[in-house]
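*Asks:* below: sequence and its predicted model.
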Amino acid sequence: MNNNVWSDLHKNYKSQDWIDKPSIFAETAIKYFPAKGRVLDLGAGQGQDSRFFAEHGYDVVSTDLEESALEQSKSKLPQALRQKVSIQKVELREELPFDTASFDVVYAHLSIHYFDYDTTERLLEGVRRVLRPGGVLAFFVNSVHDPEYNTGTKLEEDYFQIDKTAKRYFSVDSTRKLMWGFNVNVLDDQGETYKDRVKGVHNLVRFIGTLIPAETYTGAFACCGAIIEREQGGEKEVLLQTRWQPFSDPVYSGTLEFPIGRLDKPFEDVHDTLAREIKEECDLTLKSIKQDVRTAMVNTGKDDGIIGFRPFCCTQQLKNGKPWISYIFVCEVEPGKPTAQLSEAKDAQWMKISEVRKLYERSPEKLFGLQLPAWKYYLEDQVQ
């Protein structure tokens, strides 16, 4: 949205009877805030919610991009609140200009639904960075049930150019996929605003969640991974994707990995986990496991069941990162186009074995560390 559109909107808002009232969502969200602390209000407009939070004792950084909104916010700030509210110009497409873990609450009312998926994801990662562990994120966004949804020009999934404005529309499910790293307190499509009440719109998406503190480890984590092969043009290729977990796994986020996932369903057969992870992470279907060696399920007559299996190899993380132990299998999949799971990985691609070997030998830091020993075994097998 260009600055002229924003300016025109705020000129219109000045005459509305609700512009100086706290929003309906702010009155709901504050119930989940800590008793005191520092609030970052993103896209605060003319500052009515920022002032509302300050009146309740919070220290608030109130931000917006539009100059006229910032001026209105400054002019409406009473003397009694000027020590509680700092007003700042911030462009949400850029990195948030605040220190790591410097806010107890991040709040956004109808301000983070104007961006493409990658920008939205980067913005939310910035929010995770500036929130303190246990801090609250509360945001309010357009819904796929809005009458404007699927009008104008479609730019990408759930993202449309409507007149002069690009808008993203959220569902409960799409919001949940974006909000990893949070315990959810509120997630629904029952939100409303004063201006939308007159249009009969009562289904905006509300999210209020608490940032999960960094994990403390009391034991190892088991996981399984898939080196997926195919023959292409007479040369063998393997499937790689970019590991993308900048908050939950900052040590290895941005490195190349083969699909891998945690054994997090009690008593799920590891081979079923393998198939599930391949499907969930890159939307492909497991066809076969190379040198598949496993026993039938056995029992002791005590209502138990146990299997034995031989993966291609195992790896274990002994320092930094997370305490993983992985079972790695070499696999083939049914034909199909790989599509990486955006919440954890991206840029799924087939890569020639010769290119993987170059990475392993010359730039091992570009590969997910837990998988380096598996690549050693695998690449050695390719020259035998």
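*Replies:* Received it, and whenever you're ready, just let me know what you need. The structure displayed is predicted, hence computed values, not measured ones.
*Asks:* need the helix or strand of the chain with the lowest average pLDDT.
*Replies:* In the chain, no helix or strand scores lower on mean pLDDT, DSSP states H and E than helix 3-14, which sits at a mean of 51.
*Asks:* confirm residue 357 sits in a strand?
*Replies:* No: checked against DSSP: H, G, I helix; E, B strand; the rest coil, residue 357 lies outside a strand; its state is helix.
*Asks:* residues touching it, list them.
*Replies:* 379, 382 (Cβ atoms under 8 Å, 6 or more residues apart in numbering). From N, CA and C alone the C-beta is placed, and that goes for glycine too.
*Asks:* the domain parsing of this structure - what is it?
*Replies:* The chain breaks down into these domains under automatic domain parsing: 3-211, 221-382.
*Asks:* contact partners for residue 226?
*Replies:* Residue 226 neighbours (Cβ under 8 Å, 6+ apart): 258-260, 274, 277-278, 286, 328-331.
*Asks:* sheet-wise, list the partners of whichever helix or strand it is part of with their directions.
*Replies:* According to DSSP states H and E, residue 226 maps onto strand 221-232. Applying DSSP bridges, strand 221-232 is found paired with strand 235-243 (antiparallel), strand 260-262 (antiparallel), strand 324-333 (parallel).
*Asks:* okay, buried residues for that strand please.
*Replies:* Across strand 221-232, burial judged by 16 or more other Cβ atoms under 10 Å covers 223-229.
*Asks:* reformat the contacts of residue 226 as JSON lines; add neighbour count, pLDDT and distance to residue 367.
*Replies:* Formatted as JSON lines, those follow (neighbours: other Cβ atoms under 10 Å; pLDDT from 0 to 100; distance: Cβ to Cβ, whole Å):
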{"residue": "258", "neighbour count": "27", "pLDDT": "97", "distance to residue 367": "10"}
{"residue": "259", "neighbour count": "28", "pLDDT": "96", "distance to residue 367": "14"}
{"residue": "260", "neighbour count": "27", "pLDDT": "95", "distance to residue 367": "12"}
{"residue": "274", "neighbour count": "24", "pLDDT": "97", "distance to residue 367": "20"}
{"residue": "277", "neighbour count": "21", "pLDDT": "94", "distance to residue 367": "18"}
{"residue": "278", "neighbour count": "27", "pLDDT": "95", "distance to residue 367": "19"}
{"residue": "286", "neighbour count": "20", "pLDDT": "97", "distance to residue 367": "23"}
{"residue": "328", "neighbour count": "25", "pLDDT": "98", "distance to residue 367": "13"}
{"residue": "329", "neighbour count": "24", "pLDDT": "98", "distance to residue 367": "18"}
{"residue": "330", "neighbour count": "22", "pLDDT": "98", "distance to residue 367": "17"}
{"residue": "331", "neighbour count": "24", "pLDDT": "97", "distance to residue 367": "18"}
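*Asks:* between those residues, which is closest to residue 294?
*Replies:* residue 329 (10.6 Å; Cβ to Cβ).
*Asks:* what is the mean pLDDT for the strand holding residue 226?
*Replies:* If you average the pLDDT over strand 221-232, you get 96.
*Asks:* and if you look at stretch 318-327?
*Replies:* Stretch 318-327 carries an average pLDDT of 92.
*Asks:* repeat that for stretch 54-65.
*Replies:* Average pLDDT, stretch 54-65: 97.
*Asks:* span of it from start to end?
*Replies:* By Cα to Cα, to the nearest Å, the extent of stretch 54-65 from end to end equals 21 Å.
*Asks:* check stretch 88-98 too.
*Replies:* Start and end residues of stretch 88-98 are separated by 11 Å (Cα to Cα).
*Asks:* ok, and what's touching it?
*Replies:* 40, 42-43, 61-65, 67, 70, 111-112, 115, 119, 123, 126-127, 129-130.
*Asks:* just these: which are in strands?
*Replies:* Within these, residues falling in strands by DSSP state E are 40, 42, 61-64.
*Asks:* for those, pick the one with the most neighbours.
*Replies:* residue 62 (30 neighbours; other Cβ atoms under 10 Å).
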